[in-house]
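[1] compute the structure for the input listed below.
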Amino acid sequence: MKRPRAQLLWLAIGLILLAAVIYWNDPAAIWRAFLAALGRPWLLLGAMGLFAATQAGFYLKWHLISRLAGADPDARQSLRLFATLYLVGTFTPGRAGELAVPLMMRGGARLTGVALVNRILESSVTVLMGLVAIVMVVASGHTILHAMVLAAFLGLFVVAMIVLSRRRLTERLLGVVRFFLRPVAKLRPVAWALAKEQQVEAHLGPFYEANERLLRLPNVLLFCGIMLAIWLMMVAANYLLILATVGDVVAASHVLAAIAVSAVAMFLAPVPGGVGVSEWGVIAFFQRLGYSHNFAPFLLLSRIGLYIVIVLFYLVGVWLGRELPPAEPRAEL
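    Have a look, this model is predicted:
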């Protein structure tokens, strides 16, 4: 299946799942919850402000990573590029790789490596924190289990960072994977994966150049600190939306774990932005915790609010960078 058709198929699946969420959670009740939320404007404005702060955090992270990697973009050019990339990454499938595509076409070799490292680090840290939060809430009261899970995930993260920063080790691992895939290389999914790997391999030089500059302990700690702040602001924004639609019925720790479920679904599902998939996951998670409330209004408001902020950031980025020339492609590192 060609790429545009595949994207449209996944988008259709996501919209069907979202429509099912609305249908099975009583559209009339959802509308009444929307009207009730409008009667609490300060909660809605607070949530929108926190959503905007999370996007500002993502921009700050992107700009710092670009400078640390030696790309040294202008602040307005960096904002324009970030806003475009984040819009693309939100509304298209395959979030872990989509953000690198525009850079490969127009951002030059150095920024291509920065984009790849940025998305890999962001995906890894988000999934890591999400899984830890989920386990710590679901298995509450099991301190030893918490410590084991945290140690295991941190160990995997450290190993992944070591592998990513060692080009020869990565090439050897890719060689081992190709060897074991050789008997089934003609199968369509395997052939597609191998073709994608060959496309990425052409950009490994800039990727490892960015790794050498970025994957150092102070930089990684700074990156993780910014991600943690973004995570907490996102949880706070969604907690305000729950107060506006459902009421004071959910523990803050449960909101943290629910946002973790949503984040993991958004990063792992091929559906654009996790549409439908994250809603199903969060509702099932709350039911697993024993809640019987209708959380669909909160989830829909959260998605609408986040989309509004992302589009506004894109418009602001385009407006501020309207007089700047496009990034010139560069072959050198």
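[2] only C-alpha atoms from now on, for both contacts and neighbour counts.
    OK.
[3] mind listing the helices for the stretch 151-300 of the chain?
    With helices called from DSSP state H, counting those that start in this stretch, the stretch 151-300 of the chain shows them at 167-181, 188-201, 204-214, 217-245, 252-268, 277-288, 296-320.
[4] give me the mean pLDDT for the second one.
    Helix 188-201 comes out with an average pLDDT of 62.
[5] low-confidence stretches in the stretch 101-250 of the chain?
    Scanning the stretch 101-250 of the chain with the threshold set as pLDDT under 70 gives 101-127, 129-215, 217.
[6] can we see that at 50?
    Counting by pLDDT under 50, the stretch 101-250 of the chain contains low-confidence ranges at 101-109.
[7] surely G281 touches V261?
    Yes - at 6.4 Å, G281 counts as touching V261 under the criterion of Cα atoms under 8 Å.
[8] those two: who's more crowded?
    V261 (24 against 18; other Cα atoms under 10 Å).
[9] hmm, S278 and that one touching each other?
    Yes - in this structure V261 lies within contact range of S278 using Cα under 8 Å: 7.1 Å.
[10] just the buried residues of stretch 298-307, please?
    If you call a residue buried by 16 or more other Cα atoms under 10 Å, then stretch 298-307 has these buried ones: 298-302, 305-307.
[11] how about a markdown table for these, with distance to L64 added?
    Shown next, in a markdown table, are the buried residues of stretch 298-307 (distance: Cα to Cα, whole Å):
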| residue | distance to L64 |
| --- | --- |
| F298 | 33 |
| L299 | 31 |
| L300 | 32 |
| L301 | 31 |
| S302 | 28 |
| G305 | 26 |
| L306 | 23 |
| Y307 | 24 |
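[12] any chance of CSV for these, columns distance to D74 and pLDDT?
    As requested, the buried residues of stretch 298-307 are exported to CSV (distance: Cα to Cα, whole Å; pLDDT from 0 to 100):
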residue, distance to D74, pLDDT
F298, 38, 87
L299, 36, 88
L300, 36, 90
L301, 34, 89
S302, 32, 89
G305, 29, 89
L306, 26, 87
Y307, 26, 88
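[13] what is the nearest of these to G14?
    Checking the buried residues of stretch 298-307 against G14 by Cα to Cα gives L300 as the nearest, at 13.5 Å.
[14] okay, now the spatially closest residue to F286 that is not a sequence neighbour: neighbour count?
    Computed as Cα to Cα, 6 or more residues apart in numbering, the closest residue to F286 that is not its neighbour in sequence is A258, at 7.3 Å. Residues contacting A258 under the criterion other Cα under 10 Å number 26.
[15] equivalent analysis for A284, please.
    By other Cα under 10 Å, neighbour count at A284 equals 15.
[16] list the contacts for it?
    A284 sits next to no residue when contact means Cα atoms under 8 Å, 6 or more residues apart in numbering.
[17] let's see that with 10 Å instead.
    258, 261, 278, 290-291 (Cα atoms under 10 Å, 6 or more residues apart in numbering).
[18] repeat that for E279.
    Applying Cα under 10 Å, 6+ apart, the residues contacting E279 are 17-18, 21-22, 258, 261-262, 265, 285, 295-296, 298-300, 303.
[19] I figured A53 hits I226, correct?
    No - look at A53 against I226 with Cα atoms under 10 Å: they stay out of range, at 11.6 Å.
[20] check contacts around A52.
    Remark: with contacts taken as Cα under 10 Å, 6+ apart, A52 is in contact with 46, 58, 233-234, 237, 305-306, 308-310, 312-313.
[21] how about the nearest residue to L43, chain neighbours excluded?
    Nearest to L43 is L240, by Cα to Cα, 6+ apart, at 5.6 Å.
[22] the one you found - how many residues pack around it?
    With other Cα under 10 Å as criterion, L240 counts 23.
[23] distance check, it against C224.
    Distance, L240 to C224, using Cα to Cα, to the nearest Å: 24 Å.
[24] likewise for M266?
    Counting by Cα to Cα - M266 and C224 are separated by 19 Å.
[25] could you do A33 as well?
    Distance from A33 to C224, by Cα to Cα: 36 Å.
[26] do the same with A236
    18 Å.
[27] one step back: which one (most neighbours) among the contacts of A52?
    That'd be A237 among the contacts of A52, by other Cα under 10 Å, with 26 neighbours.
[28] excluding chain neighbours, what is closest to that one?
    In space, A237 is closest to A47, 4.2 Å off (Cα to Cα, 6+ apart).
[29] with L79 instead?
    G317 (5.4 Å).
[30] ok, the one you found touching Y86?
    No - G317 is beyond contact range of Y86, at 11.1 Å (criterion: Cα under 10 Å).
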